[in-house]
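Engineer: Would you be able to build a 3D model of this:
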Amino acid sequence: MQKYLRLVRFKNLLIIAATMVLVRYMLIQTILSGYGLDLQMPLWYFVALVLATTLIAAGGYVINDYFDTKADLINHPETVVVGKQVTRRGAIAFHLVLTILGVFLGTMVSFRIGRPVFSLLFFLTAGVLWFYSTIYKRQLFVGNLVVAFLTAMVPLIPLIFEFPMLGTFSDIIFIYQLNMKVIIYWVGGYAFFAFMLTLSREIIKDIEDFEGDNSLGRNTIPVHYGVKISKLITAAILALTLFALIVAFSAYLLKLSPKPFDYVSLVYFVTLIIVPIFVLLFSVLLATSKSDYHRASLLCKIIMLLGLFYTIIFRFIVNS
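Structural biologist: Modelled structure (predicted):
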């Protein structure tokens, strides 16, 4: 069992599920309650939606490991599962089962909420993950952007599937008098945050895996431009992320905060988001070894989790 949990990156799947749960109950429900509304999607629909998303992601991890075995034997030989603990044929079968189940559940929820076109999201995601493993990750910038985009979609999915249950957009705006901009501001902000930090982390991981990617002729950013330029690109992305987050959070404190001034959020944001991103930025610039890049990648992941945990603080502040 443990080998299969390693193969599907079980910890990452937990983060995906936690992201969807926290966005739905800490952000969307909290904002809706301020307008006298509540979540309309039945709980089992949402559970099926979370399962669909995590199953497709798990299938993506499996197929990625299947096609990435040669590079992983160079970059991370101790983590290789396919070909050692799980046969290659078994990995393909496992990928197909996970992906088919995920697409089935996603399609079922789409039809249940009266939006069958949403099922295309799951078919397209499964296809993109396959082509990412076979083609995109070997193309300059494309692979990094694909992973960042798919990660950014995770917090958006609960919002995309909740709105149809509330009614038409005109109902939402005129009957409920709900300012959709507030929900879009928060959920969209999390999607942007996830996109930028994931993009940075993917480039950091490519620098860490430079040796294996270079030996296999992969056209990653570090292989194409060199490690120094890649570090500068990562630093530029992190700097842009910092600027955007400061602007967005300042807008919240000055215009959208439910309190006269939200000191709790300010302290949390500065100490657990801004300062760690600064540390990450300089860690990348000063990194010289694989272990340095591995620590930077881990720090990037921790920052993303800290940003996610703020949703709990947000609900507490609004309801207090």
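Engineer: Name the SS class of the residue nearest the centre of the chain, please.
Structural biologist: Residue closest to the average C-alpha location in the chain (CA atoms, centre = their mean): Thr151, at 2.7 Å. Classification of Thr151 using DSSP: H, G, I helix; E, B strand; the rest coil returns helix.
Engineer: my guess is it contacts Ala194, does it?
Structural biologist: Yes. Between Thr151 and Ala194 there is a contact under CB atoms under 8 Å: 4.9 Å. From N, CA and C alone the C-beta is placed, and that goes for glycine too.
Engineer: What is the neighbour count of Leu266?
Structural biologist: A count of neighbours around Leu266, defined by other CB atoms under 10 Å, yields 15.
Engineer: Would you quantify the distance from Ala244 to Ala152?
Structural biologist: The gap separating Ala244 from Ala152 is 13 Å, by CB to CB, to the nearest Å.
Engineer: Identify the contacts common to the two.
Structural biologist: Phe192 (CB atoms under 8 Å, 6 or more residues apart in numbering).
Engineer: What distance do you get for Leu101 to Ala58?
Structural biologist: With CB to CB as the criterion, Leu101 and Ala58 are 10 Å apart.
Engineer: okay, the two: which has more neighbours?
Structural biologist: More crowded of Leu101 and Ala58, by other CB under 10 Å: Ala58, with 26 against 16.
Engineer: low-confidence ranges in the stretch 151-300 of the chain?
Structural biologist: Across the stretch 151-300 of the chain, the ranges flagged by pLDDT under 70 are 167-179, 255-260.
Engineer: The stretch 1-150 of the chain too?
Structural biologist: Scanning the stretch 1-150 of the chain for pLDDT under 70 picks out the ranges 72, 77, 83.
Engineer: Could you rerun that using 80?
Structural biologist: 1-4, 34-36, 68-86 (pLDDT under 80).
Engineer: which stretches of it form helices?
Structural biologist: 2-7, 10-22, 29-33, 43-67, 69-75, 88-112, 119-134, 142-166 (DSSP state H, counting those that start in this stretch).
Engineer: Just the CA trace of stretch 229-237, in PDB.
Structural biologist: What follows is stretch 229-237, C-alpha atoms only, in PDB (Å, rounded to 0.1, in the frame of the first residue of the first chain):
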ATOM      1  CA  ILE A 229      19.500  33.200 -15.600                       C
ATOM      2  CA  SER A 230      16.900  30.700 -14.200                       C
ATOM      3  CA  LYS A 231      17.600  32.000 -10.700                       C
ATOM      4  CA  LEU A 232      17.000  35.500 -11.900                       C
ATOM      5  CA  ILE A 233      13.800  34.500 -13.600                       C
ATOM      6  CA  THR A 234      12.600  32.800 -10.400                       C
ATOM      7  CA  ALA A 235      13.500  35.900  -8.300                       C
ATOM      8  CA  ALA A 236      11.600  38.200 -10.700                       C
ATOM      9  CA  ILE A 237       8.500  36.000 -10.400                       C
END
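Engineer: List the buried residues in that stretch.
Structural biologist: Neighbour-count burial for stretch 229-237, counted by 16 or more other CB atoms under 10 Å, picks out 230-231, 233-235, 237.
Engineer: need these in TSV with secondary structure, can you?
Structural biologist: As requested, the buried residues of stretch 229-237 are exported to TSV (three-state DSSP):
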residue	secondary structure
Ser230	helix
Lys231	helix
Ile233	helix
Thr234	helix
Ala235	helix
Ile237	helix
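Engineer: Wait, a helix at Phe309?
Structural biologist: Yes. Phe309: assigned to a helix according to three-state DSSP.
Engineer: quick one: it from Thr107, how far?
Structural biologist: Taking CB to CB as the measure, Phe309 falls 32 Å from Thr107.
Engineer: Have a look at those two and say which one is more surrounded.
Structural biologist: Ranked by neighbour count (other CB under 10 Å), Phe309 and Thr107 place Thr107 first, with 18 against 15.
Engineer: Who are the contact partners of the more buried one?
Structural biologist: Neighbours of Thr107 in contact, by CB under 8 Å, 6+ apart: 116, 119, 122-123.
Engineer: Ile74 and Glu208 touch, don't they?
Structural biologist: No. In terms of CB under 8 Å, Ile74 does not count as a neighbour of Glu208; the distance is 11.8 Å.
Engineer: neighbour-wise, which of those two wins?
Structural biologist: Of the pair Ile74 and Glu208, Glu208 is the one with more neighbours under other CB under 10 Å, namely 23 against 14.
Engineer: if I pick that one, what's in contact with it?
Structural biologist: Counting by CB under 8 Å, 6+ apart, Glu208 makes contact with 75, 290, 293-294, 297.
Engineer: Most neighbours among those, which one?
Structural biologist: Greatest neighbour count in those, by other CB under 10 Å, goes to Tyr293: 25 neighbours.
Engineer: so which helix or strand takes in that one?
Structural biologist: Assessed by DSSP states H and E, Tyr293 sits inside helix 290-319.
Engineer: Name the nearest residue to Val23, ignoring sequence neighbours.
Structural biologist: Among residues not flanking Val23 along the chain, Pro155 sits closest, at 4.6 Å (CB to CB, 6 or more residues apart in numbering).
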